[in-house]
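>>> Here is the input, now give the coordinates:
(3 chains)
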Amino acid sequence: MTGRKTLLAFRTQSALLLLLMLFAGALFAQAIEPLPFKNHTEEVRFQHLTRELRCLVCQNENLADSNADLARDLRREVFEQMQAGKNDAQIKQYLVDRYSDFVLYDPPVKPGTWLLWFGPLLILLAGATVVVITVRKRSRAGAPAESTDSASINEEDDW
Amino acid sequence: MNRLLPFFGFLLLVALLGFGIWWNTQHDQREVPSPLINKPAPAFALPTLDAPDNTVSKASMLGKPYLINVFASWCVACGEEHPVLMSEASQLGVPLVGYNYKDAPDEAKAWLEKHGNPYSLIIVDREGRTAIDFGVYGAPESFLVDSKGVIRYKRIGPLTPAVIEKELKPAIAVLAKEVQP
Amino acid sequence: MIPELGQLALILALLLAMTQSVLPLLGAWRDNRALMAVARPAAAGQAVFVALAFGILTWAFVQFDFSVRYVADNSNLALPWYYRVAAVWGAHEGSLLLWIFILNLWTVALAAFSRHLPEVFVARVLGVLGLVAVGFLAFIIFTSNPFGRLLPMPPDGGDLNPVLQDPGMTFHPPVLYMGYVGFSVAFAFSIAALLGGELELAWVRWARPWTNIAWGFLSAGIVAGSWWAYAELGWGGWWFWDPVENASFMPWLVGAALVHAQAVTEKRGSLRAWTILLSIFAFSLSLLGTFLVRSGVLTSVHAFASDPRRGVFILCFLVIVVGGSLLLYALRAPKVAGGKPFAVVSRETAILIGNLMFTVAAAMVLLGTLFPLIGDALNLGKISVGPPYFGFLFTLLMLPVVLLMPFGPFLRWGKSDSPPLKRVLLRAGIAAVACAIVAAFVTDGQGKAIAGVAAAVWCGFGTLLYVFKRWREMPRGRRYPAEMAGMLLAHFGLGVFLAGVLLTESLSVERDVRLAPGQTENVGGYDFRFDGVHEAAGPNWSADQGVVTVSKHGRKIAVMHPQKRTYTRGQVQTASAIDAGFTRDLYVALGEPMDPKNVEGAWALRLYHKPFVRWIWGGGLLMMLGGFVSAGERRFRASRVDEKATTQAIPAIATQEAHA
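The predicted structure follows:
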């Protein structure tokens, strides 16, 4: 019942956990759980999907790795829905409806996450502009003095 | 001006980190707000603890607001919460429904025997299936459901006297007003 | 009594650190040689006292002095001595002491190997390092005293977190901190240069070996952490994009940019302001990592016990150090772009693009790591940012770097002709495509694996092309100067790393299976036969130990012993069994008995076949080696011995600027 211990620790902020480094999940054995998959493709799909979902109890772990009781229940749920022919998007939606976007390690693109998804692009564009301006300025600053002549001068100095 | 840009960026970062420190003194980091607030509670049909053959469903509970409290005998924090429920349950103005979560009925009964029973009704979810529909991810958790079966408020973690005064009672008062006119 | 001496030593170290920072800086400002001369002895004295404190804490662990709270919390009588020593840095207070101890190692090394540098400059560098030490010593003394007492003394202690009881974890923090803290040297050089208004570039040459070594250590530290997570956490993954991992990865990315930018500034005089800014960034991100791990602001796997007071302290320290340096940068950074001009097709441009991508990648990691906090601040709801986000954007951002890298060595400073570049494109391109086609047949058209082979051959073979060129064109003994050799090693390492990552990601097979004794499961062409479970015991744990015999085509390959350990204080910990190989790892983890009565003796087991996983760390270690080797460059040394050379170099560049 290690998962229950996790719940317990979560609620009471057990002294042990606070004193030790908070490897909340890792204090417990890992989740190894043979499920009756139809074939290997399905197993891979399951591994992939549960790895992109976040466990709510051990919040540092994904659903695939967590040994918390709830994680086990949710894995079973995911497994059964897969057997019932639901696709990944439907299964994710099922969990989001109950636990919010927090369960998705892959945050959906929506107005609230525009900064997250497009922020790096903006930074890249700004940076690229600076680079382009710098290179243009410096290449016009004067004819590059060296290197057009034979590579002989002093290869070592080039380093 | 350009040279000051990194400095201003840094100030923004400091503001964010400062906010983070403050925010975490006010909030439990592990609290994930439920998306079910102001949405209809999931349909459920669960046996009661006293009479496993009797089933209580969402439909049978319609018409009156009630407070669901998720508890289990294995849950330490529920033990901490329990005395509060014992003293406050009668003054809430709504029935307190116990939701026995992933527990052995015998152990739950023994636990209630020992600590007292504040619940007017106890439903049992041994498998934790329905709990997933409610978005339960630990115990204790409490849900305030209104007379139309809509979840109006959720508390993650133990109900404390302070939480009951500041959050729960005002929420119940709102429900009471809705019913009267 | 002795632990109080440790505390006293820390207080004395703080006083000396104050001396080391204030007096030499004052001396440098007022041109007072006597004050400047204080720097070295103060640094040495501080190091002695910090080492003393470190030794005393270690001794307390070795002696089971449970009257010290930190010792009682993190060790017990059953813990073997080597883990008691490692327990010194097993939690917040002690790891902070390690941080300071390593800062002192760097400072002393700098004090010792800087005799050839101008005294004013050394005084400033040591002064800045002293300031950093003041901050951290005050932090440990006022918020995180490792010598606090626990009375009455308990008969036995708690335990070192079992996941830390692993050789990988013993080395990971010291090596990682060598990297983190090492960036403080490059930082101090930059600040000293800003303070002195030294627009000449000699300081960059002096800073380079230190930066390269620090970056090498950081690479090694990250590799050790990744390997430990793989082996010890039992998940078989090697990188999780957890906030703590990100905290070490951001300085690494900026450090990689810095190593290149410093080369440009040293040799061509360009990008001066940028190099200074990057030095500040690299160290700031190291400090930010400390903040993220210890303030409890973010949820993470490895977060230390959090305390808002500590968060506030580090934040104030960040404001002073980083805010102060960025203001100084705004005031004093060189205003004019100096240095030799360069054409569009030149090594400078390529390095600039690489720098851009590294920096943006670091910014992306920062944004993703902090976004949950932004979500709270802007009331966007609780959001998780995980591997899918980081993996996707990081791949996109690194694509240009990978594509450009083989050209790097062939590109010439200033201006480059295109024919040699076209030859590289043709040769490395053909090699990459040819290998990709072979890979497509071998792996049954696995996209990621094909991309991995292509990228690895492109980088690896592209780098080898330059090795061949030097071999052909240069006389023996002058072929590979240390700096170049280091660059080639690191670049080749990137190829190895890419092969490892993409092949592991695409070809790994993971199975969770139920096996009764005698049953066999085939994973990735290997037959894993389960031979039952027996009891095993170590110094401070007992375990269920599985026996798994692996064979291929009937030939026995390995007998593996995965364990499920129960430690002294009842913590359960999976200890996986790994059969390492050059082209593949076999990995077995033991789960639980399958049915309560366990008549059959069946257990749940996780079996992995992980092709080329070791190449990931091999690539990282090559990069580390690259950093170390390049620091041995003769030119860096020559500039130390022969001061004339550097002083001569300065007017030469100044003249160049006058032309420009």
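
>>> what's the first-to-last distance across stretch C:155-166?
One end of stretch C:155-166 sits 25 Å from the other (C-alpha to C-alpha, to the nearest Å).

>>> How far away from the center of its chain is that stretch?
Computed by C-alpha atoms, centre = their mean, to the nearest Å, the chain-centroid distance of stretch C:155-166 equals 25 Å.

>>> In it, which residues are buried?
Buried residues in stretch C:155-166, counted by 16 or more other C-beta atoms under 10 Å in any protein chain shown: C:157-166. For the C-beta atoms, the positions are set from N, CA and C on the backbone; glycine is no exception.

>>> What lies in contact with it?
With C-beta atoms under 8 Å, 6 or more residues apart in numbering or on different chains as the test, stretch C:155-166 has contacts from A:16, A:19-21, A:23, A:26-27, C:64, C:66, C:71-77, C:79, C:83-84, C:86-87, C:90, C:169, C:228, C:231-233, C:540-541, C:565, C:567-569, C:571, C:573.

>>> same question, stretch C:521-537
By C-beta under 8 Å, 6+ apart, stretch C:521-537 touches C:507, C:509, C:511, C:513, C:515-520, C:542-552, C:557, C:561, C:563, C:584, C:586, C:588, C:590, C:593, C:601, C:603, C:605, C:607-609, C:611.

>>> Let's see which of these end up in strands.
Among those, DSSP state E puts C:509, C:511, C:513, C:515, C:520, C:542-552, C:557, C:563, C:584, C:586, C:588, C:590, C:593, C:603, C:605, C:607-609, C:611 in strands.

>>> ok, which of those also contact chain A?
Within the set of the ones in strands among the contacts of stretch C:521-537, contact with chain A (C-beta under 8 Å from any C-beta of the partner chain) is found for C:511, C:513, C:590, C:605.

>>> From the contacts of stretch C:155-166, list the buried ones, please.
Buried subset of those (neighbour count, 16+ other C-beta under 10 Å): A:19-21, A:23, A:26-27, C:64, C:66, C:71-76, C:79, C:83-84, C:86-87, C:90, C:169, C:228, C:231-233, C:540-541, C:565, C:567-569, C:571, C:573.

>>> related to what we said a few turns ago, narrow the contacts of stretch C:521-537 to those that are buried.
Among the contacts of stretch C:521-537, those scoring as buried are C:507, C:509, C:511, C:513, C:515, C:543-548, C:550, C:561, C:563, C:584, C:586, C:588, C:590, C:593, C:603, C:605, C:607-609, C:611 (criterion: 16+ other C-beta under 10 Å).

>>> The worst-scoring helix or strand of chain A on mean pLDDT: what's the following helix or strand?
Lowest on mean pLDDT, DSSP states H and E among the helices and strands of chain A sits helix A:15-19, with a mean of 32. The helix or strand immediately downstream of helix A:15-19 is helix A:40-51, counting by DSSP states H and E.

>>> Where is the longest helix in chain A?
When chain A is parsed with DSSP state H, its longest helix is helix A:114-140.

>>> Which other helices and strands does it contact?
helix C:347-377, helix C:387-404 (3 or more C-beta pairs under 8 Å, 6 or more residues apart in numbering or on different chains; DSSP states H and E).

>>> try 7 Å this time
Judged by 3 or more C-beta pairs under 7 Å, 6 or more residues apart in numbering or on different chains; DSSP states H and E, the packing partners of helix A:114-140 are helix C:347-377.

>>> Show me which residues of the helix it packs on are buried.
For helix C:347-377, the neighbour count (16+ other C-beta under 10 Å) marks C:347-376 as buried.

>>> Please identify the buried residues of the host helix or strand of C:Leu8?
Secondary-structure assignment from DSSP H and E places C:Leu8 in helix C:2-30. For helix C:2-30, burial by neighbour count (16+ other C-beta under 10 Å) applies to C:3, C:6-7, C:9-10, C:12-14, C:16-25, C:27-29.

>>> what do you get for stretch C:441-451?
Neighbour counts over stretch C:441-451 (16+ other C-beta under 10 Å) mark C:443, C:446, C:449-451 as buried.

>>> cool, and stretch C:135-150?
Result for stretch C:135-150 [16+ other C-beta under 10 Å]: buried residues C:135-140, C:143-147, C:150.

>>> can you tell me which residues contact residue 140?
Went with chain A since none was named. For A:Arg140, the contact set (C-beta atoms under 7 Å, 6 or more residues apart in numbering or on different chains) is empty.

>>> right idea, wrong chain: chain C
C:Ile140 sits next to C:10, C:93, C:96-97, C:100 when contact means C-beta under 7 Å, 6+ apart.

>>> Which of those residues fall within strands?
Reading strands off the contacts of C:Ile140, I find no matches (DSSP E).

>>> quick one: which helix or strand includes whichever residue of chain B sits closest to chain A?
Minimum separation of chain B from chain A (C-beta to the nearest C-beta) falls at B:Ala77, amounting to 3.3 Å. Assigning secondary structure by DSSP H and E places B:Ala77 in helix B:76-88.

>>> average model confidence for that helix?
In this model, helix B:76-88 carries a mean pLDDT of 92.

>>> Domain map for the chain?
I went with chain A, as the question did not name one. Domain ranges of chain A: A:2-103, A:111-140, per automatic domain parsing.

>>> try again with chain C
Using automatic domain parsing, chain C is parsed into the domains C:1-160, C:198-332+C:344-404, C:405-479, C:509-615.

>>> Which of these sits closest to B:Asn100?
Closest to B:Asn100 of the domains of chain C is domain C:509-615 (C-beta to C-beta; 22.8 Å).

>>> on that earlier part again, give me the helices and strands touching the helix holding B:Ala77, please.
Here helix B:76-88 touches helix A:2-12, going by 3+ C-beta pairs under 7 Å, 6+ apart.

>>> switch to 10 Å and redo it
Taking 3 or more C-beta pairs under 10 Å, 6 or more residues apart in numbering or on different chains; DSSP states H and E as contact, the helices and strands that helix B:76-88 lies on are helix A:2-12, strand B:66-71, strand B:96-101, helix B:105-115, strand B:141-145, helix B:161-163.

>>> Figure out which of those is closest to C:Met178.
helix A:2-12 (33.6 Å).

>>> Enumerate every residue touching the nearest residue to C:Ala490 once chain neighbours are set aside.
Closest residue to C:Ala490 apart from its sequence neighbours, by C-beta to C-beta, 6 or more residues apart in numbering or on different chains: C:Gly626 at 2.8 Å. Residues in contact with C:Gly626 (C-beta atoms under 10 Å, 6 or more residues apart in numbering or on different chains) are C:212, C:215-216, C:219, C:259, C:483, C:485-494.

>>> Check A:Gln83 too.
Counting by C-beta under 10 Å, 6+ apart, A:Gln83 touches A:35-38, A:42.

>>> now do 8 Å
A:Lys38.

>>> Need the contact partners of stretch C:387-399.
For stretch C:387-399, the external contacting residues (C-beta under 8 Å, 6+ apart) are A:51-52, A:105-107, A:116-117, A:120, A:124, C:240-241, C:246, C:357, C:360-361, C:364-365, C:368.

>>> One more: stretch A:36-44?
Here stretch A:36-44 makes contact (C-beta under 8 Å, 6+ apart) with A:35, A:46, A:82-83, C:511.

>>> in it, what's buried?
So, applying 16+ other C-beta under 10 Å, buried residues of stretch A:36-44: A:37, A:43.

>>> and chain B, what are its domains?
The record's domain split for chain B, according to automatic domain parsing, is B:1-30, B:31-179.

>>> Deepest-packed of those domains, please.
domain B:31-179 (a mean of 18; mean count of other C-beta atoms under 10 Å in any protein chain shown).

>>> Pull the distance from that domain to the chain's centre.
Relative to its chain's centre, domain B:31-179 lies at 6 Å (C-alpha atoms, centre = their mean).

>>> Same check on stretch C:54-66?
For stretch C:54-66 - counting by C-alpha atoms, centre = their mean - the centre lies 28 Å from the chain centre.

>>> go on, stretch C:530-543?
For stretch C:530-543, the distance to the chain centre is 34 Å (C-alpha atoms, centre = their mean).

>>> now do stretch C:398-407
22 Å.

>>> Can you list the buried residues in it?
C:398, C:401-402, C:404-407.
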